[in-house]
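# Quick check, what structure comes out for this input:
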Amino acid sequence: HCTLQHRTQMDVVLQSQAMTKLSRSNSNMQSSAKSVSEYIKSLPEDRKKAITVVRAAIRKSLPKGYEEVIQYGMISYVVPLSLYPDGYLGDGKTPLPYVSLASQKGYMSVYLMGLYADSNLLELFVKSYAASGKKLNMGKSCVRFKNVENLPLNVLSKAVSKISVSQMIKLYEKSHTKKK
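Modelled structure (predicted):
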């Protein structure tokens, strides 16, 4: 379990690196879909419905400028390289992730990278989630859910709407500043 109130910038760096490593190494849980529609079509019927509902909520509340892609085998909403050419972890090839949605082996998950870069937003998200009456199952980089009824879509939508592309870039750069 992670301590939500005591996140440091190093925690954010380590979490994003861990997410990258996990996503690249867990090929058995990673979709090989090349498009979002292909990803959704490949899912079992119950997962297809849940992912479609959550995807619609994300897309409806997503600030302008993010792009929907398949990244690390997940549906992802990213800062396009045209807006942030340095890319994720400075590789210049991988767009900066903001939100990702995945169907894993035993659950579905929403990765909210923006929350991990802003402890105030993370705290607000956790409080809002608790106020919804739903049980939060949160890992170091994701919110896990077994069905869409367990996920307060209004809380998710509000969290997704909070960080513009320019704010995400600033938060990312602040948390990934290398010490000289």
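# Now do stretch 113-120, average pLDDT.
Mean per-residue pLDDT for stretch 113-120: 87.
# buried set for it?
For stretch 113-120, burial by neighbour count (16 or more other C-beta atoms under 10 Å) applies to 113-119. In short, each C-beta sits where N, CA and C put it, glycine included.
# Please give me every residue in contact with the spatially most central residue of the chain.
A centroid search over the chain (C-alpha atoms, centre = their mean) returns Tyr111, at 2.5 Å, as the residue closest to the centre. By C-beta atoms under 8 Å, 6 or more residues apart in numbering, the contact list for Tyr111 reads 19, 74, 97, 99-102, 141-142.
# Try it again at 7 Å.
Shown in contact with Tyr111 (C-beta atoms under 7 Å, 6 or more residues apart in numbering): 19, 99-100, 141-142.
# If I look at the nearest residue to it once chain neighbours are set aside, what pLDDT would I see?
Spatial nearest neighbour of Tyr111, excluding adjacent residues (C-beta to C-beta, 6 or more residues apart in numbering): Ser100 at 4.0 Å. At Ser100, the model reports a pLDDT of 97.
# Which of the contacts of Tyr111 sits closest to Ser35?
Ser100 (15.2 Å; C-beta to C-beta).
# How much space separates the spatially closest residue to Thr94 that is not a sequence neighbour from Leu96?
Nearest residue to Thr94 in three dimensions, chain neighbours excluded: Tyr88, at 4.3 Å (C-beta to C-beta, 6+ apart). Per C-beta to C-beta, to the nearest Å, Tyr88 is found 5 Å from Leu96.
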